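[1] My questions concern the predicted model and sequence given below.
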Amino acid sequence: MSGRLDGRPVVPSSGRLRPLGIGEVEITGGFWSERQDVNSSATIAHCHDWMERLGWVGNFRAAQEGRLPQDRSGVVFTDSDVYKLMEAAAWETGRSGSTDADERFTALAEVIAPVQESDGYLNTFFGRSGQPARYSDLEWGHELYCYGHMLQAAIARARTGKADLFVEVAKRAADHVCEAFGQGGIERVGGHPEIELGLVELARLTGEERYLHQATLFVDRRGHQTLADIHWGRSYFQDDIPVREATVFTGHSVRALYLAAGAVDVAVETGDELLLESIIGQWERTIARRTYLTGGMGSHHDGEKFGDDFVLPPDRAYSETCAGVASVMLSWRLLLATGDSRFADLAERTLFNVVATSPAPDGRAFFYANPLHQRVSGVVPSPDTVSNRASSSLREPWFAVSCCPTNIARTFASLGAYMATVDGAGLQIHQYANSRISASLDDGRPVGVELTTGYPHDGKVSIRITETDVAPWSLTVRVPEWASDAWLTDGGERRRVGPGAASVQRPFVVGDQIELELPMAPRWTVPDSRIDSIRGCVAVEQGPLVLCVESVDLPDGRDVGSVLVDPGQDLDETEGKVVAAGRLVEIEDRRWPYIASDGPATGADISVPLVPYQGWANRGPSTMRVWLPTIEPD
Ligand SMILES: [Zn+2]
């Protein structure tokens with residue numbers, strides 16, 4: 001096993017682009033750096049504290065001491081949250097050298113390792129006297145899902161230079177899975193995909209083909225109805241039709257997206273181009289018809305599911321934080337496989353408007369669901385209370401099902417690994433943040449750059465060459481799909497660049513400066529008229545940020561339900577805030593609302609302030625909406 005520090009969550013053996021890891025891309029300041037710092041100083045400890053307090057770590061101690069099942073706490077898959085915390089701690093140790101994160105990882109590994117049984121099985125909910133038998137509930141038991149997160153934690157540990165105890169635990173668990181679920185074993189799948197991408201990555205880490213083979217079996221088996229028909233149907237866990245025959249993502253959003261990410265991994269490692277094309281096709285239709293403006297996915301609270309095409313209600317948006325994380329994971333894999341910048345476009349949209357929306361500024365409270373319209377002001381939650389509901393109206397400190405906070409923690413700790421890639425010809429920068437990149441091209445030539453930017457609030461990105469040899473190479477930047485008026489300056493030459501990839505190819509010398517200018521004027525966005533729930537509304541975006549109206553910015557305590565805007569007038573910016581011309585209408589409580597006898601409201605008479613959606617509810621209880629009804633001009 002390699003103990004080399006490369007710090008990459010995903011290391012395909014082939015593909016259009018080669019990922020750079022957290023050892024090669026350092027985020028040095030600004031928007032994402034602040035979130036990484038809060039993650040390091042607050043969120044990781046916050047998650048660990050809650051899991052100790054609620055007994056989720058204690059479940060492993062109870063297992064060691066023979067106190068299960070009577071002393072078991074939490075839902076069936078709490079083991080997975082401990083593993084996701086460990087993955088976050090591993091990346092954080094690699095990213096910042098945090099001894100706190102390192103000690104947390106080691107302490108957790110020491111609690112967990114003795115619980116592993118002699119054949120590699122490890123789970124606190126199943127298999128003991130008084131507990132359900134192993135693999136007796138593949139629909140809901142989540143044993144394979146928990147292993148998937150265990151493998152990802154171990155991979156993070158190994159790829160940050162510490163191939164220690166826990167990596168051996170994970171290998172033994174993976175060997176057990178291959179034994180139990182291989183040909184002639186239990187020829188079924190788990191109800192929640194996740195094991196697939198863990199197994200492929202372990203195969204990449206160790207060179208052991210059997211892990212890849214097992215992941216391929218799981219992907220091929222899904223869709224053949226080996227799971228029971230449940231209340232939501234087998235599409236809930238993507239077991240209704242074979243993966244390669246599906247045409248769009250369906251069912252539980254996080255399940256669908258983890259499965260797609262694992263299927264891309266399998267396709268890339270086995271050279272299965274048809275499988276890869278199928279996933280790309282499913283992604284395309286999902287983007288065209290089943291994705292929110294924020295990049296959020298999953299429009300049904302019931303079943304945490306994708307809706308049918310164009311079912312995207314803003315107020316009932318589920319848009320789970322974990323689905324945002326899973327979507328970024330999928331986008332990254334598709335970007336590496338194809339080099340197509342539209343995958344990085346979606347990753348950017350989702351990172352800024354779903355992933356960054358979830359945590360509070362102090363990193364100690366989270367949104368689970370991310371609706372685009374809050375009709376009722378929330379109640380400030382107690383910092384000591386566990387929320388039983390995913391649909392909180394303000395960020396909550398913890399949840400009975402708490403998949404989202406640890407998903408945020410592991411994503412922020414490893415975020416540097418989602419920013420840039422290399423290939424034989426040069427360096428590609430996909431996401432913009434103050435950062436230092438130092439890497440080698442495929443042929444070993446050194447390349448290095450330093451990015452300076454105020455992104456996402458400022459569209460200017462300065463890139464200074466810090467390492468190069470004398471031979472030419474290409475520096476490629478992504479021009480986002482929304483950037484209709486972007487400019488690239490190299491030396492004295494300034495040229496207009498369209499959305500997609502823009503490159504400078506030449507011999508560089510250290511100190512050379514390239515500048516990208518992305519348009520940051522606020523802009524009106526109009527939805528496809530087939531999205532019934534927002535027909536007739538408009539939204540405002542600025543750069544990569546989706547904006548919203550919040551009631552705390554409206555006069556006289558008015559609710560966002562009274563706001564109309566005039567998209568015929570230009571958006572303005574005053575005192576750092578975007579404003580739209582608009583009007584506040586009286587809401588008559590006693591009138592039948594379907595008579596248009598008064599005609600449409602006309603005439604803007606106020607300025608409606610708009611703020612970034614990702615920061616909504618940070619100023620306390622508020623109503624909020626992204627999609628705004630319109631008024632007729634005078
Ligand atoms: Zn979640």
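    Structure's in. What do you need?
[2] Next, the residue in the stretch 101-250 of the chain that the ion sits nearest to: secondary structure please.
    Distances between the stretch 101-250 of the chain and the ion by C-beta to the ion are smallest at His192, namely 11.5 Å. Backbone N, C-alpha and C define where each C-beta goes, glycine included. For His192, the assignment made with DSSP: H, G, I helix; E, B strand; the rest coil gives coil.
[3] so it sits right up against Ala256, yeah?
    No. The pair His192 / Ala256 is not scored as a contact, 10.7 Å apart, by C-beta atoms under 8 Å.
[4] Just want to know which of those two has more residues nearby.
    Ranked by neighbour count (other C-beta atoms under 10 Å), His192 and Ala256 place Ala256 first, with 29 against 25.
[5] Could you list which residues are in contact with the more buried one?
    238, 249-250, 306 (C-beta atoms under 8 Å, 6 or more residues apart in numbering).
[6] mind putting those residues in a markdown table, secondary structure and pLDDT included?
    Formatted as a markdown table, those follow (DSSP: H, G, I helix; E, B strand; the rest coil; pLDDT from 0 to 100):
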| residue | secondary structure | pLDDT |
| --- | --- | --- |
| Gln238 | coil | 98 |
| Phe249 | coil | 98 |
| Thr250 | coil | 98 |
| Phe306 | coil | 97 |
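[7] Buried residues, stretch 171-184. List them.
    Across stretch 171-184, burial judged by 16 or more other C-beta atoms under 10 Å covers 171-178, 180-181.
[8] per-residue confidence averaged over that stretch?
    In this model, stretch 171-184 carries a mean pLDDT of 98.
[9] elements contacting the helix or strand containing Ala409?
    Assigned by DSSP states H and E, Ala409 belongs to helix 403-413. Applying 3 or more C-beta pairs under 8 Å, 6 or more residues apart in numbering; DSSP states H and E, one finds that helix 403-413 makes contact with helix 31-38, helix 44-53, helix 78-96, helix 321-338.
[10] what does the protein have sitting close to the ion?
    Counting by C-beta under 5 Å from the ion, the residues of the chain close to the ion are 320, 322, 403-404.
[11] which two in these are spaced the farthest apart?
    Spatially, the most separated pair among these is Glu320 and Cys403, at 8.1 Å (C-beta to C-beta).
[12] ok so, going back, hey, which of the helices and strands packed on helix 403-413 is tucked in deepest?
    Highest mean neighbour count among the helices and strands packed on helix 403-413 (mean count of other C-beta atoms under 10 Å): helix 78-96, with a mean of 27.
[13] Check which helices and strands it sits against.
    helix 44-53, helix 58-64, helix 99-112, helix 143-159, helix 403-413.
[14] okay, the angle between it and helix 99-112?
    Angle, helix 78-96 to helix 99-112, by axes from the mean of the first three to the mean of the last three C-alpha atoms, to 10 degrees: 150 degrees.
[15] distance between helix 78-96 and the chain's centre?
    For helix 78-96, the separation from the chain centroid amounts to 16 Å (computed by C-alpha atoms, centre = their mean, to the nearest Å).
[16] Also stretch 246-261?
    14 Å.
[17] hmm, back to that, now the buried residues of stretch 171-184 as CSV including secondary structure?
    Listed next are those as CSV, based on three-state DSSP:
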residue, secondary structure
Lys171, helix
Arg172, helix
Ala173, helix
Ala174, helix
Asp175, helix
His176, helix
Val177, helix
Cys178, helix
Ala180, helix
Phe181, helix
